[in-house]
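Participant: Here is my input; please provide its structure:
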Amino acid sequence: MKNVLYIGNNLISKTSNLSGIQILGPLLEAEGVDVYYASSISNKILRLLDMVWSCLKLSNKIDVVLIDTYSTQNFYFALVISQICRFLNLKYIPILHGGDLPSRLKNNPGLSGLIFNNAKCNVSPSMYLKTAFESVGITNVIHIPNTIKIDDYKFETRAYKEPKLLWVRSFSEIYNPELAIDVYNILKKSYPEASLTMVGPDADGSQIKVESLARNLNLKVNFTGKLEKKKWLELSKVCNVFINTTNFDNTPLSVIEAMALGLPVVSTNVGGMPYLIDHDVDGKLVHPNQPQSMSSAVISIINDFEQRQGLIENARSKVEKFDWSQVKLLWFKALDLN
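Facilitator: Down below sits the predicted model:
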């Protein structure tokens, strides 16, 4: 069995949801893979040094390095670690998480090439990023979707008398949480009993703006803060439509989870979302930052039983293919465990 060093943000924080390293790592361990982690240090400079030291210290023990790779500042973490791996003759696999990575490919082609062209392979959770990478000549990309354990998500039957909206994400500017308030404000005019629940940590101070907007519009919103998964899954039972308001995205796990739960999804049509959701087949896609369009999509779900049932059933059927029992076989192949 392989020994793997997993490089990523392994912090447990009140201001962020679980990262890729905290989801995939334990799943691989449960399959008998020996996984080492770096790093759980909060200071970014010290965290990077810990990542480098882990590569050096474990270089004779590990077979491959997994690197969670994003489009913002952490891109440079991936750059440094990938070059350390090359120096040590270690195989490495970037896992492509950043929804805005196509911009990074365009703006920093040289640095991007150093990371991605020299990798054993690049793992993309979405066909969106796989296509974007291949369009600039980076062809060593394989698609392995974000995974869930489907049995953990009970498929619920819900009432649809009025919209009971659920939003699950970090409060961050790129996820445009204020759009949820604008949509809710429109829906309240037609459905006085409508509700909105927003689940997630405040990553960059955006929650303060969102709460202020809700107060100014005299809207009562259920802000829960960060919740353990079991708690928000239980809370989802009293909601009936999931809204995803983001301006940039890849294939968010929260949307996959909503589809598994039987919550019809209305999402902005950005990044990897049209690769995850087929419009009017297993969800609805609307233009970003268009509250009227999103609220109209919600209303159509509330009012049209046959359409709603089709969306729900097709979505559940799609995400059943993301179950770990199937996805793990793709990881076994990428890690040469077969």
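Participant: element containing Pro94, please.
Facilitator: strand 91-96 (DSSP states H and E).
Participant: Could you identify the helix or strand that succeeds that strand?
Facilitator: Next helix or strand after strand 91-96 toward the C-terminus (DSSP H and E): helix 101-107.
Participant: Can you verify Thr131 is assigned to a strand?
Facilitator: No - if the criterion is DSSP: H, G, I helix; E, B strand; the rest coil, then Thr131 is helix and not within a strand.
Participant: Count the neighbours of it for me.
Facilitator: Other residues lying near Thr131 total 15 when counted by other C-beta atoms under 10 Å. To be clear about C-beta, it is placed using only N, CA and C from the backbone, and glycine gets the same treatment.
Participant: Next, work out how far apart it and Asn140 are.
Facilitator: To Asn140, Thr131 is 14 Å away according to C-beta to C-beta, to the nearest Å.
Participant: How about the contacts made by Val298?
Facilitator: With contacts taken as C-beta atoms under 8 Å, 6 or more residues apart in numbering, Val298 has the following neighbours: Pro163, Leu165, Val183, Leu187, Val241, Ile243, Val266.
Participant: quick check, it in a strand?
Facilitator: No - in this structure, Val298 is helix, not part of a strand, as judged by three-state DSSP.
Participant: pLDDT at it, what is it?
Facilitator: The predicted local confidence for Val298 comes out at a pLDDT of 98.
Participant: Any idea how far stretch 241-253 is from the middle of the chain?
Facilitator: Relative to the centre of its chain, stretch 241-253 is centred 8 Å away, using C-alpha atoms, centre = their mean, to the nearest Å.
Participant: Output it as CSV - backbone C-alpha positions only.
Facilitator: This file holds the C-alpha atoms of stretch 241-253, laid out as CSV (Å, rounded to 0.1, in the frame of the first residue of the first chain):
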residue,chain,number,x,y,z
VAL,A,241,-34.9,24.9,-2.1
PHE,A,242,-31.1,25.2,-2.1
ILE,A,243,-29.6,28.4,-3.6
ASN,A,244,-26.0,28.9,-4.7
THR,A,245,-25.2,32.5,-5.2
THR,A,246,-21.5,32.5,-6.1
ASN,A,247,-19.6,34.6,-8.7
PHE,A,248,-16.8,32.0,-9.0
ASP,A,249,-17.0,28.3,-8.5
ASN,A,250,-15.7,24.8,-9.3
THR,A,251,-17.9,21.9,-8.1
PRO,A,252,-18.9,22.9,-4.5
LEU,A,253,-19.5,20.0,-2.2
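Participant: what's the neighbour count on Leu111?
Facilitator: Using other C-beta under 10 Å as the criterion, Leu111 is surrounded by 17 other residues.
Participant: Was I right to think it contacts Val80?
Facilitator: No - under the criterion of C-beta atoms under 8 Å, Leu111 lies out of contact with Val80, with a separation of 10.6 Å.
Participant: List the residues that are in contact with both of those two.
Facilitator: Between them, Leu111 and Val80 share no contacting residue, judged by C-beta under 8 Å, 6+ apart.
Participant: before we move on, the earlier item: please tabulate the contacts of Val298 in TSV, including the columns pLDDT.
Facilitator: Conversion of these to TSV gives the following (pLDDT from 0 to 100):
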residue	pLDDT
Pro163	98
Leu165	98
Val183	98
Leu187	98
Val241	98
Ile243	98
Val266	98
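Participant: For these, which single residue is the most surrounded?
Facilitator: Going through the contacts of Val298 with other C-beta under 10 Å as the criterion, the one with the most neighbours is Ile243, at 31 neighbours.
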